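K.L.:
Provided below for reference: sequence and predicted model.
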Amino acid sequence: MRLSNLADYAVVTMSQAARHCGGGRVSASELAAETGLPAPTVQKLVSKLVGAGLLRSVRGAGGGLQLARPAAAISLADIVEAVEGPIALTACVEGTDCSVDHECRVRPHWPLVNEALRGALANISLVQLAQEKEIA
């Protein structure tokens, strides 16, 4: 399983925003410059992240973006779900038609698998993601 590019970029953007905690607000264009991501992509992400309640946008002089709640209260699962929707490894869990649905003995187990995956991602906080680490 891989995150989509957009989910990956959302994690990068939120991690960079978290590094500004306590230092005032930051603009989407600043986040784009600091992360090296294209400005239109960051704008799109900011819109999704604000809509999900992870970022807050303040207009006017001194305005900009800031985390909507403390970095410790934002998880990797929150960020991924803001961009991708509910975490699910298979489409059948979402009610999508499946050609083997009537015979599938695994389907009842997917919610357990999905919850385990979501739980693992929920245990990684934005604080951890925002920590600078040496690149080997």
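P.N.:
Thanks, I have it.
K.L.:
Toward the C-terminus, what is the element adjacent to the helix or strand harbouring Leu112?
P.N.:
When elements are assigned from DSSP states H and E, Leu112 belongs to helix 110-122. Counting by DSSP H and E, the next helix or strand C-terminal to helix 110-122 is helix 126-130.
K.L.:
Leu89 versus the residue of the chain most remote from its centre, what's the distance?
P.N.:
No residue in the chain sits farther from the centre than Glu103, which is 34.7 Å out by C-alpha atoms, centre = their mean. Using C-beta to C-beta, to the nearest Å, Glu103 is found at 19 Å from Leu89. Yep, even glycine has a C-beta here, placed from its N, CA and C like the rest.
K.L.:
How about the contacts made by the closest residue to Thr90 other than its chain neighbours?
P.N.:
Nearest non-adjacent residue to Thr90, counting by C-beta to C-beta, 6 or more residues apart in numbering: Trp110, 5.5 Å away. If you count contacts by C-beta atoms under 8 Å, 6 or more residues apart in numbering, Trp110 has them with 88-90, 92-93.
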